[in-house]
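1. The following comprises the amino acid sequence and a computationally predicted model.
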Amino acid sequence: MKQLHDVDLRLLRVFDVVVRCGGLSAAQAELNVGQSTISMQLAQLEVRLGARLCERGRGGFRLTEEGRAIHEASQRLLSAVDGFRLEADQLKRTFSGTLNLGLIDNTVTDTKSPLRGAIQRFLARGKDVGVHVYIGTPSELEQRVLDGRLHLAVGHFPFQVPGLAALPLYDEPHGLFCAADHAVLKADIGGGNGDMLAQVRSEQVVARGYLRRRDLDLLNVNVAAFTVDNIEAQAILILSAGCIGFLPIHYAAQWVGRGELVQILPNSMVLVSRFTAIRRRLAPPPLVRSFLSDLTAGSP
């Protein structure tokens with residue numbers, strides 16, 4: 001492809017949607033065209049690029065090696081194009097564009113989170129303003145902010161990553177939980193905190209990998225029985241697999257209220273996760289600056 005034209009950008013956006021949806025059939029609703037049209041557009045893009053991007057047919061959808069490389073490059077390109085359009089809109093004194101926002105899972109029940117209010121304030125800025133939300137693990141969000149696929153992300157990022165700037169927002173307390181019928185609650189341990197903690201250490205502990213042993217070190221446990229990468233997986237194993245582990249207190253409240261979960265040692269076994277908004281250290285475009293302003297508008 002010697003020159004890049006509008007049609008190439010349009011075809012690359014179609015390709016991005018197909019990859020994100022996991023196939024042509026699933027992409028039909030978002031693109032609002034039929035599967036045959038999408039297939040024709042992909043074929044046109046392959047001709048333009050001179051490379052086979054994906055396998056599609058009865059065997060299912062699968063990216064080729066060239067397709068994966070093209071998709072990663074196209075996301076950087078499309079992000080740069082969107083960023084240019086945002087800057088151009090500002091020069092025309094218009095406020096428009098879509099903010100690509102990343103979040104970690106299961107934060108919507110946290111009343112301390114400023115996100116809902118920030119999104120409401122942001123969308124009220126103009127009819128041509130939008131938000132696209134991506135849910136991912138902390139490491140995924142960091143990578144997507146670094147490579148430009150996300151404008152910013154909000155979550156728990158315990159370690160500073162070169163190239164990213166972090167804005168502290170609020171703290172999220174996590175308690176230690178087990179199922180209401182767990183054996184640790186029935187054991188004869190004398191009622192002392194130390195005895196209870198010793199009993200917990202002898203049980204199966206589930207930990208989140210991205211915390212890098214913060215939870216295990218607090219419990220003085222060497223090895224986790226299970227390691228997960230998100231809060232929902234943690235909750236499933238605590239509820240159904242006889243595990244003990246930390247959960248955000250606001251998130252666990254729904255099962256505590258139904259008598260399905262019990263918080264263990266609530267006065268001593270508490271982790272605090274600092275939530276921050278991360279973005280690239282480059283000067284943020286106006287749309288991102290506006291959202292950051294809306295995000296901190298309710299802060300003391």
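-> Now that the structure is in, tell me what you want to look at.
2. Near Phe122, how many other residues are there?
-> 22 (other CB atoms under 10 Å). Backbone N, C-alpha and C define where each C-beta goes, glycine included.
3. what secondary structure does it sit in?
-> Under DSSP: H, G, I helix; E, B strand; the rest coil, the three-state class of Phe122 is helix.
4. tell me the contacts of it?
-> By CB atoms under 8 Å, 6 or more residues apart in numbering, the residues touching Phe122 are Leu99, Val129, Val131, Ser290, Phe291, Asp294.
5. quick one: which of these sit in strands?
-> Leu99, Val129, Val131 (DSSP state E).
6. Return the residues in contact with the last one.
-> This points to Val131. Applying CB under 8 Å, 6+ apart, the residues near Val131 are Thr98, Leu99, Leu101, Ile119, Phe122, Leu123.
7. Run through the helices of the chain in chain order.
-> Using DSSP state H, the helices of the chain run over residues 6-21, 24-31, 35-49, 65-91, 115-123, 138-146, 193-201, 214-219, 231-240, 249-257, 286-296.
8. okay if I get those helices as JSON lines plus mean pLDDT and distance to Arg279?
-> Supplementary listing: the helices of the chain in JSON lines, determined by pLDDT from 0 to 100; distance: least, CB to CB, whole Å:
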{"stretch": "helix 6-21", "mean pLDDT": "86", "distance to Arg279": "22"}
{"stretch": "helix 24-31", "mean pLDDT": "84", "distance to Arg279": "26"}
{"stretch": "helix 35-49", "mean pLDDT": "89", "distance to Arg279": "31"}
{"stretch": "helix 65-91", "mean pLDDT": "78", "distance to Arg279": "12"}
{"stretch": "helix 115-123", "mean pLDDT": "93", "distance to Arg279": "14"}
{"stretch": "helix 138-146", "mean pLDDT": "91", "distance to Arg279": "6"}
{"stretch": "helix 193-201", "mean pLDDT": "79", "distance to Arg279": "39"}
{"stretch": "helix 214-219", "mean pLDDT": "90", "distance to Arg279": "24"}
{"stretch": "helix 231-240", "mean pLDDT": "95", "distance to Arg279": "23"}
{"stretch": "helix 249-257", "mean pLDDT": "96", "distance to Arg279": "25"}
{"stretch": "helix 286-296", "mean pLDDT": "90", "distance to Arg279": "6"}
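9. Output those as JSON lines; include the columns distance to Phe159.
-> Shown next, in JSON lines, are the helices of the chain (distance: least, CB to CB, whole Å):
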{"stretch": "helix 6-21", "distance to Phe159": "28"}
{"stretch": "helix 24-31", "distance to Phe159": "35"}
{"stretch": "helix 35-49", "distance to Phe159": "38"}
{"stretch": "helix 65-91", "distance to Phe159": "24"}
{"stretch": "helix 115-123", "distance to Phe159": "22"}
{"stretch": "helix 138-146", "distance to Phe159": "9"}
{"stretch": "helix 193-201", "distance to Phe159": "26"}
{"stretch": "helix 214-219", "distance to Phe159": "11"}
{"stretch": "helix 231-240", "distance to Phe159": "18"}
{"stretch": "helix 249-257", "distance to Phe159": "23"}
{"stretch": "helix 286-296", "distance to Phe159": "21"}
